[in-house]
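A.B. asks: pasting a predicted model and its sequence here:
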Amino acid sequence: VDITAPRVEVPETLDALFDVYINSGHAPKSKLNGGYRSIWGKWCQRETRFGQTRCDQLTRTAIHQHLKAITNNGHENLNAARRVRDILCALIDRLSIDYGIETTPPATLQKIFGSTKAFERMNKKREVSLDVDQLRTLWGILMSDRTRPAYLAMRWLICTCTRKSETVDARFDELVGDEWVIPAERTKTKQNELRVPICPMMRDVINDLAALERTRGFMFGIAANTLNHCCTGWREAIGVDFTVHDTRRTATTLTTQAGLLDAFEADLMLNHTPANTAILRNYNPDAFVPRVTAAIAVWQRYLEEVIS
């Protein structure tokens, strides 16, 4: 043993350990942007203070209690809990490898919660998409109350094929001319901005917001899980066990079935990163922006036609 070797200082709290982990190069690069940082910030710093737990006092029981608190005992936010658990397992590894502190990793979510409807929904492969009649029914429900921000946000999300976070955090200053321009840092890919054409149905949402005296800052002013809660009632009315995210699959399914988009174009419409395009991603990251915008416009025209 080299007694002259400098002593490695153990981070005092999980927050400090997380910072070391993120900046050390051990964290998967694919999990950094909009991934581990945002999950940890929300569920271990803002929604709870679990990040302030001392590293030398971290226990398996404490982790289980934290995961139960996040999920309301396994009934919601299961995906968030899964990601928090992944991060904590990685931190436990670093505590052992780098600092010699041993902590038993947490049990799996299934062992912690058993079988709940939310857990089953999280693990079930999603293949749900609405047919035209179901989509019309959902739209009718959303149009029945033009004063509820969540209903307006859902109309906006359906029109734009965007992810829930992109819609919920939409701002009025992102409306530029005839486009809604989502900054790259607000998209999942983080690679380039997303330019969504503002169609007449989106103009209706803007007008409904103006009637509510919403004209600046965040457009909808709702929490991230508000649409999930509303979706419970919409499922019962439509008779389909769909999620908010399934409306994106609905857009791709209907447009490809109608022969309006091919599979590649439908994937672009959802702003997925195209596979096997490393050169374009690295040297011409804006190459697909116009095609994404064009694909979304195809969906918007189709949606307006079937709804009307």
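C.D. replies: Looks like it came in fine.
A.B. asks: correct me if wrong: Ile101 contacts Leu14.
C.D. replies: No. Applying CB atoms under 8 Å as the test, Ile101 and Leu14 come out as separate, 11.8 Å apart. For every residue, glycine as well, the C-beta is placed using N, CA and C.
A.B. asks: neighbours of Ser165, just the number please.
C.D. replies: Using other CB atoms under 10 Å, the number of residues around Ser165 comes to 14.
A.B. asks: what does Gln57 give?
C.D. replies: By other CB under 10 Å, neighbour count at Gln57 equals 10.
A.B. asks: ok, Ile296 next?
C.D. replies: Counted with other CB under 10 Å, the neighbours of Ile296 add up to 25.
A.B. asks: helix or strand for it, which one?
C.D. replies: helix 289-307 (DSSP states H and E).
A.B. asks: mind exporting that helix as CSV, just the C-alpha atoms?
C.D. replies: Output of helix 289-307 as CSV, limited to C-alpha atoms (Å, rounded to 0.1, in the frame of the first residue of the first chain):
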residue,chain,number,x,y,z
VAL,A,289,-35.1,20.3,-40.5
PRO,A,290,-37.1,21.2,-43.7
ARG,A,291,-38.2,17.6,-44.2
VAL,A,292,-39.4,17.3,-40.6
THR,A,293,-41.4,20.5,-41.1
ALA,A,294,-42.8,19.3,-44.3
ALA,A,295,-43.8,15.9,-42.8
ILE,A,296,-45.6,17.6,-39.9
ALA,A,297,-47.5,19.8,-42.4
VAL,A,298,-48.7,16.6,-44.2
TRP,A,299,-50.2,15.4,-40.9
GLN,A,300,-51.8,18.7,-40.2
ARG,A,301,-53.6,18.8,-43.5
TYR,A,302,-54.8,15.2,-43.0
LEU,A,303,-55.9,15.9,-39.4
GLU,A,304,-57.9,19.0,-40.5
GLU,A,305,-59.6,17.0,-43.2
VAL,A,306,-60.6,14.1,-41.0
ILE,A,307,-61.7,16.3,-38.1
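A.B. asks: quick one, longest helix in this protein?
C.D. replies: helix 78-99 (DSSP state H).
A.B. asks: contacts for stretch 260-273?
C.D. replies: The set of residues external to stretch 260-273 that reach it, using CB atoms under 8 Å, 6 or more residues apart in numbering, is 161-163, 187-189, 191, 194, 248, 251-252, 255-256, 274, 281, 288, 291-292, 295-296, 298-299, 302.
A.B. asks: let's go with 6 Å and repeat that
C.D. replies: Contact with stretch 260-273 is made by 161, 189, 194, 248, 252, 255-256, 288, 291-292, 295-296, 298-299, as judged by CB atoms under 6 Å, 6 or more residues apart in numbering.
A.B. asks: which of the residues you listed sits closest to Trp43?
C.D. replies: Nearest to Trp43 among these, counting by CB to CB, is Thr189 at 22.6 Å.
A.B. asks: buried residues in stretch 207-223?
C.D. replies: By neighbour count with 16 or more other CB atoms under 10 Å, stretch 207-223 contains the buried residues 208-209, 214, 219-220, 222.
A.B. asks: now the helix holding Ile296: how far from the chain's centre is it?
C.D. replies: 22 Å (CA atoms, centre = their mean, to the nearest Å).
A.B. asks: what's the burial count for Gly114?
C.D. replies: Neighbour count for Gly114, taken as other CB under 10 Å: 9.
A.B. asks: what's the pLDDT at it?
C.D. replies: You'll see Gly114 listed with a pLDDT of 79.
A.B. asks: start to end distance for stretch 26-40?
C.D. replies: 16 Å (CA to CA, to the nearest Å).
A.B. asks: on contacts alone, who are the packing partners of the helix holding Ile296?
C.D. replies: strand 194-197, helix 246-257, helix 263-269 (3 or more CB pairs under 6 Å, 6 or more residues apart in numbering; DSSP states H and E).
A.B. asks: how about CSV for those, with mean pLDDT and distance to Asn228 added?
C.D. replies: Compiled in CSV, the helices and strands packed on helix 289-307 are given as follows (pLDDT from 0 to 100; distance: least, CB to CB, whole Å):
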stretch, mean pLDDT, distance to Asn228
strand 194-197, 96, 22
helix 246-257, 96, 12
helix 263-269, 91, 23
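A.B. asks: nearest to Val128, out of the ones you listed?
C.D. replies: Across the helices and strands packed on helix 289-307, Val128 has its closest neighbour in helix 246-257 (4.7 Å, CB to CB).
A.B. asks: flag every buried residue along the closest one.
C.D. replies: Judged by neighbour count using 16+ other CB under 10 Å, the buried positions of helix 246-257 are 246-255.
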